[in-house]
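K.L.:
just coords:
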């Protein structure tokens, strides 16, 4: 089920965020960097994003928990004459296969 994220979802969003980066960028970015990604740091970051009032964050909630998320909002650089844009769409690397 896709739903609007709540502040309490931040830790699970951070888990998916970090796992996805480690999976997608392995071999492209330095292993030291990927291992340094910190779920606690991203949890705080996602709490701020969810609560900032400028962004919208949606989660894909599954019986196993959150397996994906998307975020969007107004273009902060205002380069485009749009109401908003999708800034990130991420799916857990273990759930990326289409059913």
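P.N.:
Looks like it arrived, so ask away. Just so it is clear, the model here is predicted, and its values are computed rather than measured. Residues are numbered from 1 along each chain as shown.

K.L.:
buried residues in the longest helix that the chain contains?
P.N.:
The single longest helix within the chain, with elements called by DSSP state H, is helix 10-24. Using 16 or more other CB atoms under 10 Å as the test for burial, helix 10-24 gives 10-22. The C-beta positions use only the backbone N, C-alpha and C, and glycine is treated the same way.

K.L.:
I'd like the residues you listed written out as TSV, with distance to residue 36 added.
P.N.:
Converted to TSV, the buried residues of helix 10-24 look like this (distance: CB to CB, whole Å):
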residue	distance to residue 36
10	19
11	18
12	21
13	19
14	14
15	16
16	18
17	14
18	10
19	14
20	16
21	11
22	10
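
K.L.:
that older thread, for the longest helix of the chain, which outside residues touch it?
P.N.:
5, 34-35, 37-47, 50, 57, 59, 65-69, 90-94 (CB atoms under 8 Å, 6 or more residues apart in numbering).

K.L.:
For residue 7, which residues are in contact?
P.N.:
47, 50-51.

K.L.:
and what of residue 27?
P.N.:
Per CB under 8 Å, 6+ apart, neighbours of residue 27: none.

K.L.:
Tell me the backbone dihedrals of it, please.
P.N.:
The phi/psi pair for residue 27 (degrees, to the nearest 10) reads phi 90, psi -20.

K.L.:
got it, and residue 64?
P.N.:
Per degrees, to the nearest 10, the backbone of residue 64 is at phi -80, psi -10.

K.L.:
and it, how many neighbours does it have?
P.N.:
Neighbourhood size, residue 64 [other CB atoms under 10 Å]: 9.
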